[in-house]
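Peer 1: next comes the sequence, and after it the predicted model I'd like to discuss.
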Amino acid sequence: MIPINLPKIGEEEIQAVIKVMRSGMLTSGLGAGPNVTEFEGNYSKFAGVKHAIAVNTGTAALHAAIMAIGVKQGDEVILPSFTFVATAEAIVLAGGKPVFADIDPETFTLSTEAVGKAITEKTKAIVPVDLYGLPADINSLREITAKHKILIVEDCAQSHGATYEGKPAGVFAHISCWSLYAAKNIGTGEGGVVTTDNDQLAETVRMIRTHGEKAKYQSLILGTNYRMTEIQAAIGVVQLRRLPDFLAKRTRNAQRLTKNLEGTKKIKLPIELKNQKPSWYLYTIRIKDITEKDRNNIIKEMHDKGIGAEAYYPMPVHQMPYYKENCGSFNLPETEKAAKQVLSLPIPSSVTDA
């Protein structure tokens with residue numbers, strides 16, 4: 001089976017893990033061991049920001065960021081429903097209420113117009129998602145948020161290596177969240193990072209990650225245990241170094257698919273914009289005028305031929321039982337239509353010309 005995404009682990013990562021194991025230091029009480037510290041320094045340079053705070057999952061990154069900006073009971077947070085459920089989970093776990101807004105059918109990212117209609121006096125923040133690795137249109141969203149004094153928490157879980165206006169994804173948000181799950185462009189098995197230029201938000205996230213502490217056994221705020229291990233960080237240091245090679249191969253594979261699929265009238269290919277360069281986390285096509293059942297049959301047929309195609313995401317979050325019962329109903333026609341028609345094809349760096 002040609003995998004839709006596969007961790008690219010080599011001897012360098014293996015040796016980095018062995019070195020940590022032999023050192024005997026597997027983690028740090030305040031989450032800042034030598035490997036974590038090195039990884040955070042490298043990641044902040046990569047992300048083009050002052051602060052990178054490493055945590056143990058991408059979901060932890062989202063939750064810590066939502067907590068850090070002060071979301072509390074009764075606060076509303078606007079987000080797309082066309083995303084992985086973790087984006088909404090983080091809001092609920094912080095006590096906020098997810099308010100789902102529709103997507104732009106061309107980019108699959110949050111619609112600025114839909115966000116404008118969803119804002120109320122209870123809105124605390126918006127969480128745009130860089131879906132499939134294409135950055136959300138942050139500039140247009142910033143115009144709205146500045147007017148209403150709303151914060152932007154960018155979900156960059158899929159956009160390692162993407163750029164917006166020539167700068168790394170996540171730079172223009174107040175705070176951004178990244179996943180290092182094994183299937184991402186770079187992975188540490190599980191893992192995540194919070195990035196920001198805001199000193200106060202960075203300090204708050206660091207305390208949240210380790211039980212609200214700045215010093216051991218002295219909790220200052222409500223926190224939890226979201227520390228990244230030294231093993232995860234050691235893998236991350238190597239993976240981040242290899243990212244340019246991973247991205248070059250993904251881009252080349254995406255270009256091959258585009259060249260071979262151009263002119264196929266029933267297929268809408270991934271959009272490429274002048275000011276938004278994707279990370280090619282997923283190469284997602286849209287099959288026009290098709291039912292969900294027929295799309296799923298195509299996926300099955302491709303699996304039978306050894307091609308690991310998948311649909312991301314076949315059930316929008318607002319239709320999932322918990323969110324349907326607790327967050328109310330939402331009219332999201334573009335989201336629901338896309339969920340029935342999208343299909344992602346394999347382009348990881350391990351995929352060859354053949």
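Peer 2: That came in fine, so what should we check first?
Peer 1: send me the helix or strand Lys45 falls within as CSV with only the CA atoms.
Peer 2: Using DSSP states H and E, Lys45 maps to helix 34-47. Presented in CSV, the C-alpha positions along helix 34-47 are these (Å, rounded to 0.1, in the frame of the first residue of the first chain):
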residue,chain,number,x,y,z
PRO,A,34,18.6,20.3,27.1
ASN,A,35,17.0,18.7,24.1
VAL,A,36,13.7,20.5,24.6
THR,A,37,15.6,23.8,25.0
GLU,A,38,17.6,23.1,21.8
PHE,A,39,14.4,22.1,19.9
GLU,A,40,12.5,25.2,21.0
GLY,A,41,15.4,27.5,19.9
ASN,A,42,15.5,25.9,16.5
TYR,A,43,11.7,26.0,16.1
SER,A,44,11.4,29.7,17.0
LYS,A,45,13.9,30.5,14.2
PHE,A,46,12.1,28.2,11.8
ALA,A,47,8.7,29.8,12.7
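Peer 1: next structured bit after the helix or strand harbouring Ala338?
Peer 2: Here Ala338, judged by DSSP H and E, is contained in helix 333-341. Counting by DSSP H and E, the next helix or strand C-terminal to helix 333-341 is strand 342-345.
Peer 1: helices or strands up against that following strand?
Peer 2: Secondary-structure packing of strand 342-345 (3 or more C-beta pairs under 8 Å, 6 or more residues apart in numbering; DSSP states H and E): strand 283-287, helix 292-304. In short, each C-beta sits where N, CA and C put it, glycine included.
Peer 1: which residues touch the first one?
Peer 2: Strand 283-287 is contacted from outside by 108, 132, 253-254, 257, 261, 266-270, 295, 298, 312, 338, 341-347, using C-beta atoms under 8 Å, 6 or more residues apart in numbering.
Peer 1: what packs against the helix holding Lys45?
Peer 2: Contacts defined by 3+ C-beta pairs under 8 Å, 6+ apart place helix 34-47 against strand 51-55, strand 192-196, helix 230-261.
Peer 1: with mean neighbour count added, can I get those in TSV?
Peer 2: Below are the helices and strands packed on helix 34-47 laid out as TSV (neighbours: other C-beta atoms under 10 Å):
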stretch	mean neighbour count
strand 51-55	27
strand 192-196	30
helix 230-261	18
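Peer 1: ok, back up a step: which of the contacts of strand 283-287 are buried?
Peer 2: Neighbour counting by 16 or more other C-beta atoms under 10 Å classes 108, 132, 253-254, 257, 268-270, 295, 312, 338, 341-347 among those as buried.
Peer 1: picking up where we left off before, the helix holding Ala338: which residues count as buried?
Peer 2: 334-336, 338-341.
Peer 1: go on, stretch 309-321?
Peer 2: 309-313, 316-319.
Peer 1: now for these: which two are most distant?
Peer 2: By the measure C-beta to C-beta, Ala309 and His318 form the most distant pair in these, at 24.9 Å.
Peer 1: which one of the buried residues of stretch 309-321 is nearest Ile119?
Peer 2: Of all the buried residues of stretch 309-321, His318 has the smallest distance to Ile119: 17.5 Å, by C-beta to C-beta.
Peer 1: can you pull the phi/psi pair for Lys214?
Peer 2: Backbone geometry at Lys214, expressed as degrees, to the nearest 10, gives phi -110, psi -30.
Peer 1: that one contacts Leu220, doesn't it?
Peer 2: Yes: counting by C-beta atoms under 8 Å, Leu220 is a contact partner of Lys214 at 6.1 Å.
Peer 1: shared neighbours of these two, which are they?
Peer 2: Shared contacts of Lys214 and Leu220 (C-beta under 8 Å, 6+ apart): Met207.
Peer 1: spatially nearest residue to His174, not counting backbone neighbours?
Peer 2: Nearest non-adjacent residue to His174, counting by C-beta to C-beta, 6 or more residues apart in numbering: Leu151, 4.6 Å away.
Peer 1: surely Ala61 meets Glu190?
Peer 2: No: Ala61 lies out of contact with Glu190 (C-beta under 8 Å); the separation is 11.1 Å.
Peer 1: tell me which residue is most central in the protein.
Peer 2: Nearest residue to the geometric centre of the chain (C-alpha atoms, centre = their mean): Ala157, 1.5 Å.
Peer 1: list the contacts of it.
Peer 2: If you count contacts by C-beta under 8 Å, 6+ apart, Ala157 has them with 58, 84, 86, 129-130, 177-179, 181, 184, 192.
Peer 1: please convert those residues to TSV, extending it with distance to Glu40 and secondary structure.
Peer 2: Shown next, in TSV, are those (distance: C-beta to C-beta, whole Å; DSSP: H, G, I helix; E, B strand; the rest coil):
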residue	distance to Glu40	secondary structure
Gly58	16	helix
Phe84	24	coil
Ala86	21	helix
Val129	23	strand
Asp130	21	coil
Cys177	14	strand
Trp178	12	strand
Ser179	16	strand
Tyr181	18	coil
Lys184	17	coil
Gly192	12	strand
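Peer 1: that older thread, just the closest of the buried residues of stretch 309-321 to Lys45, please.
Peer 2: Taking C-beta to C-beta as the measure, Lys45 lies nearest Tyr312 of the buried residues of stretch 309-321, at 29.8 Å.
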